[in-house]
Structures are given as C-alpha cells and as structure tokens.
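Participant: Based on what follows, work out the 3D shape:
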Amino acid sequence: MSEQSTLAAFDARQAPQGKLPVLALSALGIVFGDIGTSPLYTFKTVLGTAENPSDPATILGALSLVLWTLFIITTVKYVSFAMRVDNDGEGGILALMALLGVKKHRRPTIVAVGLFGAALIYGDGAITPAISVLSALEGLEMVTPALQPYVVPAAVAILLALFAIQSRGTAAIGHFFGPVMLTWFVAMTVMGIWGIARHPTVFAAVNPAYGISYLFSHGMTGFLVLGAVFLCVTGAEALYADMGHFGSRPIKLAWYAVVFPSLIINYAGQAALVLEGAPTDGNIFFRLCPQSLLIPLVVLATIATIIASQSIITGAFSMTRQAIQLGWLPRLLIKQTSSEGYGQIYVGVVNWLLMIVTVGLTIGFGKSDNLAAAYGIAVSLTMLMTSALLFIAMREIWQWNVFAAGFVAGCFLLVDGAFFLANLTKVAEGGYVPLILAISVYGVMWIWHRGAAAVAMRLRDSLIPVPDFLKKISAANVPRVPGTAVFLTRAERDTPPVLVWHIKHNRALHEHVLVLRVEIQSVPWVSWQDRMTVSEIAPGFWRADARYGFMERPHIPELLAAGKSLGCTVDLDDVTYYVGHETVISREEGDGLPAWQEKFFAVMERNAVHVSDFFSLPNDQVVEIGRQVAI
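Facilitator: Numbers count the residues shown, from 1 in each chain. Here you go, the predicted model:
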C-alpha cells in the first residue's frame, strides 16, 4: 500500500454511502427487525394480562396505550431527540456514555450508568431471538393444533442454525434483509387494513383518553398492563444504537414512511378484529390472515424474526468491540467477515454464550407468552438510563437551560419510570433472567477494568526517565546492534518496562528504537491529522503516540508506514516488535485487589487475545517478554 493510499484509508470514516431510499431500505433489514416483529406477540400479551379482554373499553384502552407508547417513546424520544445527540455520528448508550462521561469530563458515575445500560442490552438480547422465533412458529398451531408439539423443537433447530452460521458472516445474504422486511411491513399493513375494515370505529383509540381512562379505572391490573404494552417498543433502542451504520436520515425516513404506519395499522387491525368478536385466545396476529395464506405468512414471519434475531446478535458483537476498545472487556478474537463494512464482524465467545442462553430460554419457557413475562425489564431500565443521559446532553451539548431540559427529560423519565416499575412486577415470573445476565456482564466489565488499572499503576511505579535510562545503558556499554526495535507500551511517559526488561535479558539494543503507545479514545473515529504524533528524544530514539477511535481496528504496520511523513525514519524492512506479557499474581502485603478479583482478572488476562493479534502485528516479527506483576 502506498503512503497516499494509506493516508486515504485512515481518513475514510466508513460513513454511510448510497442514496437515501437505498439506505432507508437497508435500515429496514438491520434496524427495525425487533420492533417490526413485536406485533406477533404484543397485543395478545396485553389482552392476556387485562381483565375482560373482550370488553370494548379494554380493547380500545389497550390499543390507545400501544399507539401512544409508540409515538412518545420511539417517535418523540428516540427519533426526534436522542438521534440528535451523537458521538461523531455514532449512537447508542455506549457512545453516549463515551461522549458525556469520558470525552467531555471524567465522570465515573456516568460511565457506570452507561456500562450497566449496555450490559442490560445483552440481557434482553438473549431473549429477543427466543421470543421472536417462538411467536412466529406458533402460527403453525393456527394451521392445525397437531403441529403444536413441534413448535419448540423447530424453534431450537432454527436458533442453533442461526448461531452456527454467524462465523461465515451475512454479507452474502444481508442485501436481502431490506426487501424481505419491506415485504413483511407491507403484509402487516394489508392485514391491518383488512381488520380495520371489519370495525372502522377502532381508530377512536387515537384519543389518549381511552388509554388514560383504562389505566386509572382498573387499579393494579391497569398498571400491570403497562408491562405488556412496553413490548411494542423493545426495539426502539436499536434505532439509536444503529445510527452510525446508516446515519439518522435513512432511519427517520424508514420509520416515518414504512415502519410507524405499518405498526399503527396492524395493531389497529388486531384490535378491530377482537372488537368484531374474534376470540382472544391463541395468536390474534395470525387471525388477521386468511386460512389459505396462513402457511406462507408463518414462513414470512419466521424469516422476519430470524432477521430480527440477526440484528440483535450483530449488535451484541458491535457493542462488545466498543467495550473492548474502551478498556472495559478483555481482548477477544474478532473476525472480520466481510470487507464491505466495518460492522461485519464475528465474536465467537459472545456468539456461543448467547446461543446457550437463548436456546436454554426457548426450552425452559416453551411459549412466547411465558417469555413475555421475562421480556422488557432490561430494556425499560436501559431506556431510563438513556433519558438521564439525555438530560445531561441537553444541558451541556445543546446548552438548554435547566428548566427546559428538566421538563423534557422529566417527561421522558416519568414515562420510562412507569414502564420500568410495571416491568418490575415480572421479576419473579422470569424477569430475573435478563437482570442476572446484565449483572454478570457488568461484573466482568468492572473486574477487568479494575484489574487493568491496577496493572497499569504497578507498572508506572517502576518507570525510569529516558535520560537516566540512556545514561545507564551508555555507562554499562550496552552494544547497539543493526535494525529497528518497536516497543509497545501503555506508559504515557518515561522508559517503558518492556524496554528495560529487554536490556536486562538480552544486554543489547537496536540502533533504531521506537517507543509506541496506542490510545483508544472516546470517539468512534480519528482522522489522520490526529492519528499520531512523533518526537525524537535522542539520536535514533523516537517516541510516538497513536490514537484510534473505539470503532476502529488498530493496524500498527500500516500506521508506521504512514508515519514516515512525520519524520520517523525507521527501517520497516528490518523491524522487531517487542511486547510485554504480564503474569498477574497477588500482592504479598495484601493491600491490592481482593484475592477473588485478582484470580478472576488473571483468568481473563490469560485467555485474552494476544496483543500482537489485537494490533495486527506480523507474528514472525514479534518478541514477547514476560514478567510477574503483583496487583
């Protein structure tokens, strides 16, 4: 690669490319799978929770709550507000956390909130594929009750196949996702119109008075119904998190032109059908379909839920990489499955853990109705945390006064808080599952970060100023041998420990030495102008600081090739990379990390991806020097 092409590659931000309608179609297949398949189970769950589900006041009240929830949370909060707050084009709670808690100020509380919100998404991410695929296949029971025993085995088989093909990537079939989901939304719209034609007065539910009246006239039952109503917006967080893949305009176009109208019409169609006298047992969604087209609809619904599940899995991979880059997870093996896009990745550990949990939930709960009890609590808490962060963004980024920001964020917090409290009632019925998963993920993040900080602190204690080090090797007559040595370090100053260890063990030093520190910043992308700074601190001795965004993959050889323009004249044809490998042990004086944390961190450290792979170093040019570090 020439120097010019290398520079061009560094400046390419991987911004969304293509015409607006094409990007909007692609967004249908990636962003809206979860929220787009929620009509399969939401309305039947709402009526199943309510008393007198065939009563017109109950039906219109439930529909009113669903419609206004879609409008307030998705359209107003996420599409109109949250998507205006981005971290250099990236969205989602992790990007928002990096923007407000690290980039603007060092705020541990905001960082903790953002990380726990991200951990919660893992929790509900395991439930989404299970409930989506189960709800689609339950349409087979509408074809003939004899197929009911085969629903769970078929769901398990589909989920196993879905997770098994992740390592191959989705580039070959990904371009079909958008057209398939467009077909799905058109089918839902047509079915909804057919239902509305049976009872057109159903649109009276647009009046929010029906929903408010139901909530306040049914006591505890009305409150419990809110937990079921929330299922209609469980995919809303994805609109914000996937903003970096497509940009805000394509997502907004897809939402307003296709998704939002389709959801409103389909939910209204289901409500109209029940008002007309259709039974509320079984799956109301599939009752909108003529019997002759039921099997094709079940097939389409199954494909749509597979696409929705794929989006959740891909999102988990992307979020894992962000957490690794920001220093909150150990280095994991990340496989780029396609050259078409940076988001086409595969993380094996995450994939198999998600598969085990998802399949276990499918077998353990057995029906989408049962899974609905466990669904929503994690996402509702994530949304609550996002609203709190949005208040800070309104004050600091938009410069709103405290009253305006407080009023808007207060409204969001009130709505999110009500849904979270309603979902808390599901904890004993299965809501504990995503909470346990989220707490486990957050615990891993917290211990890793504490351990990494403890290692860095111990290494800083033994740093030697560069002038003192050079005097020391000169006085010891340490020979200089031909070639270039690149020492990777985490230290911001002085002589890196790996260089000191090298001299101690090998008693020689290369003629040309480059000390390189790589910093992952709290922005998604870093331009070439800000990529690297180089300074020559002694003849033949350089120090360089390289900066990458948390959405980028460090590639050190390419970086050094482009770095020649900055005056770093190292010979890349004869270079050896030196990396340190720390073996973590307990501190004898007992004032370090608790023993259980040290042991857990040590296990993660031993199983983390090697630093040479993380930085794309050529394996045949890497020398690893180890030492024990007591934390």
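Participant: Output the strand or helix carrying residue 369 in PDB with nothing but the alpha carbons.
Facilitator: If you go by DSSP states H and E, residue 369 is part of helix 368-374. Listed next in PDB are the C-alpha coordinates belonging to helix 368-374 (Å, rounded to 0.1, in the frame of the first residue of the first chain):
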ATOM      1  CA  SER A 368     -43.800 -16.800  23.800                       C
ATOM      2  CA  ASP A 369     -46.500 -15.900  26.400                       C
ATOM      3  CA  ASN A 370     -44.200 -17.200  29.100                       C
ATOM      4  CA  LEU A 371     -41.100 -15.400  27.700                       C
ATOM      5  CA  ALA A 372     -43.100 -12.200  27.500                       C
ATOM      6  CA  ALA A 373     -43.000 -12.200  31.400                       C
ATOM      7  CA  ALA A 374     -39.200 -12.100  31.300                       C
END
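Participant: That one: how far from the chain's middle?
Facilitator: Relative to its chain's centre, helix 368-374 lies at 23 Å (C-alpha atoms, centre = their mean, to the nearest Å).
Participant: I'd like the mean pLDDT over that helix, please.
Facilitator: Across helix 368-374, pLDDT averages out at 82.
Participant: Need the contact partners of it.
Facilitator: By C-beta atoms under 8 Å, 6 or more residues apart in numbering, the residues outside helix 368-374 that reach it are 40-41, 44-45, 48, 127, 130-131, 134-135, 138, 228, 231, 361, 365, 426, 429-434. The C-beta positions use only the backbone N, C-alpha and C, and glycine is treated the same way.
Participant: and residue 613, how many neighbours does it have?
Facilitator: Neighbours of residue 613 under the rule other C-beta atoms under 10 Å: 14.
Participant: hang on, it in a helix?
Facilitator: Yes: secondary structure of residue 613 (DSSP: H, G, I helix; E, B strand; the rest coil): part of a helix.
Participant: can you pull the contacts of the closest residue in space to it that isn't next to it in sequence?
Facilitator: In this structure, residue 613 finds its nearest non-sequential neighbour in residue 333, 7.3 Å apart by C-beta to C-beta, 6 or more residues apart in numbering. Residue 333 makes contact with 347-349, 609, 613, according to C-beta under 8 Å, 6+ apart.
Participant: which ones among the residues you listed are found in helices?
Facilitator: When these are checked against helices (DSSP state H), the matches are 348-349, 613.
Participant: how about TSV for these, with pLDDT and distance to residue 294 added?
Facilitator: Formatted as TSV, these follow (pLDDT from 0 to 100; distance: C-beta to C-beta, whole Å):
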residue	pLDDT	distance to residue 294
348	89	38
349	91	40
613	83	50
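Participant: Just the element for residue 510, please.
Facilitator: strand 509-520.
Participant: State the mean pLDDT of that strand.
Facilitator: Computed over strand 509-520, the average pLDDT equals 87.
Participant: ok, now stretch 26-41?
Facilitator: Regarding stretch 26-41, the rounded mean pLDDT is 89.
Participant: go on, stretch 407-420?
Facilitator: 94.
Participant: How about residues contacting that stretch?
Facilitator: Contacts for stretch 407-420 (C-beta under 8 Å, 6+ apart): 69, 72-73, 77, 81, 226-227, 229-230, 376-377, 380-381, 383-384, 387-388, 390-391, 394, 400.
Participant: now do stretch 380-389
Facilitator: Residues outside stretch 380-389 that contact it (C-beta under 8 Å, 6+ apart) are 73, 77, 82, 93, 96-97, 100, 110, 113-114, 116-117, 120-121, 124, 230, 236-237, 240, 409, 412-413, 416-417, 419-420, 423.
Participant: Next, count neighbours for residue 284.
Facilitator: For residue 284, the tally of surrounding residues (other C-beta under 10 Å) stands at 28.
Participant: Quick one: residues contacting it.
Facilitator: Taking C-beta under 8 Å, 6+ apart as the test, what residue 284 contacts is 43-44, 47, 270, 273-274, 278.
Participant: Need the phi and psi values for the residue nearest to residue 613.
Facilitator: Here is the backbone geometry of residue 333 (degrees, to the nearest 10): phi -70, psi 120.
Participant: coming back round to it: following the helix holding residue 369, which helix or strand comes up?
Facilitator: Next along from helix 368-374, by DSSP H and E: helix 377-396.
Participant: Next, the buried residues of the following helix or strand past that next one.
Facilitator: Downstream of helix 377-396, the next assigned helix or strand under DSSP H and E is helix 402-424. Using 16 or more other C-beta atoms under 10 Å as the test for burial, helix 402-424 gives 405, 408-409, 412-413, 415-416, 418-420, 422-423.
Participant: Turn those residues into CSV, columns for distance to residue 475.
Facilitator: Listed next are the buried residues of helix 402-424 as CSV, based on distance: C-beta to C-beta, whole Å:
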residue, distance to residue 475
405, 62
408, 66
409, 63
412, 66
413, 65
415, 70
416, 66
418, 72
419, 70
420, 66
422, 73
423, 69
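Participant: Nearest to residue 165 among the residues you listed?
Facilitator: residue 423 (32.6 Å; C-beta to C-beta).
Participant: sorry, back to before: sort out for me which of the contacts of residue 284 are in helices.
Facilitator: 43-44, 47, 270, 273-274.
Participant: out of those residues, which is most surrounded?
Facilitator: residue 270 (32 neighbours).
Participant: Does that residue touch residue 41 like I think?
Facilitator: No: at 11.2 Å, residue 270 does not count as touching residue 41 under the criterion of C-beta atoms under 8 Å.
Participant: what do those two both touch?
Facilitator: Residues touching both residue 270 and residue 41 (C-beta under 8 Å, 6+ apart) are residue 285.
Participant: What residue, apart from its backbone neighbours, is nearest residue 169 spatially?
Facilitator: Distance criterion C-beta to C-beta, 6+ apart; nearest residue to residue 169, sequence neighbours excluded, is residue 337 at 2.6 Å.
Participant: now residue 267
Facilitator: Nearest residue to residue 267, sequence neighbours excluded (C-beta to C-beta, 6+ apart): residue 66, at 5.2 Å.
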